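1. Output the structure for:
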Amino acid sequence: HVQLVESGGGSVQAGGSLTLSCAAGRYTYKRNCMGWFRQRPGKDREGVAVLWIGGATTSYADSVKGRFTISHDKAQNTLYLQLNSLSTEDTAMYYCAANGDIWSEYKFWGQGTQVTVS
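-> Okay, the predicted model is just below:
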């Protein structure tokens, strides 16, 4: 049973920072991308950042480039998202996803962690 467990969300003032974590367990995924997605109030879910496991390649949505950083701890199989210079536009439910193909076809999803910026 694959389980992705996110943590680290919360409320922060504009300009602040948060770090999201996603514990992915010991499962070995067939596809080599993991990523963070978000759903802002009243909008569709969108990709935020993706990472190729085992490599250094990352990709970011234009709206977060230079502010957010995705990383992966291989030993712990934990995915991180560092969020800096937060704005109210970043308020959303953030989801971790695994076993995907860059921005699509992710098979496994976490339950989400709320980020609220005021």
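2. Show me how far stretch 8-24 is from its chain's centre.
-> Computed by Cα atoms, centre = their mean, to the nearest Å, the chain-centroid distance of stretch 8-24 equals 10 Å.
3. list the buried ones in it?
-> For stretch 8-24, a neighbour-count test (16 or more other Cβ atoms under 10 Å) marks Gly8, Gly9, Val12, Leu18, Leu20, Ser21, Cys22, Ala23, Ala24 as buried. In this view, the C-beta of every residue, glycine as well, is placed from N, C-alpha and C.
4. which of those residues lies closest to Ala97?
-> Within the buried residues of stretch 8-24, proximity to Ala97 (Cβ to Cβ) peaks at Cys22, which comes in at 8.6 Å.
5. ok, Met93 touching Gln114?
-> Yes: with contact defined as Cβ atoms under 8 Å, Met93 reaches Gln114; the gap is 5.5 Å.
6. So for these two, which sits in the more crowded spot?
-> Met93 (18 against 12; other Cβ atoms under 10 Å).
7. what are the pairing partners of the helix or strand harbouring that one, and which direction each?
-> Per DSSP states H and E: Met93 is located in strand 92-100. Using DSSP bridges, strand 92-100 pairs in its sheet with strand 33-39 (antiparallel), strand 108-109 (antiparallel), strand 113-117 (antiparallel).
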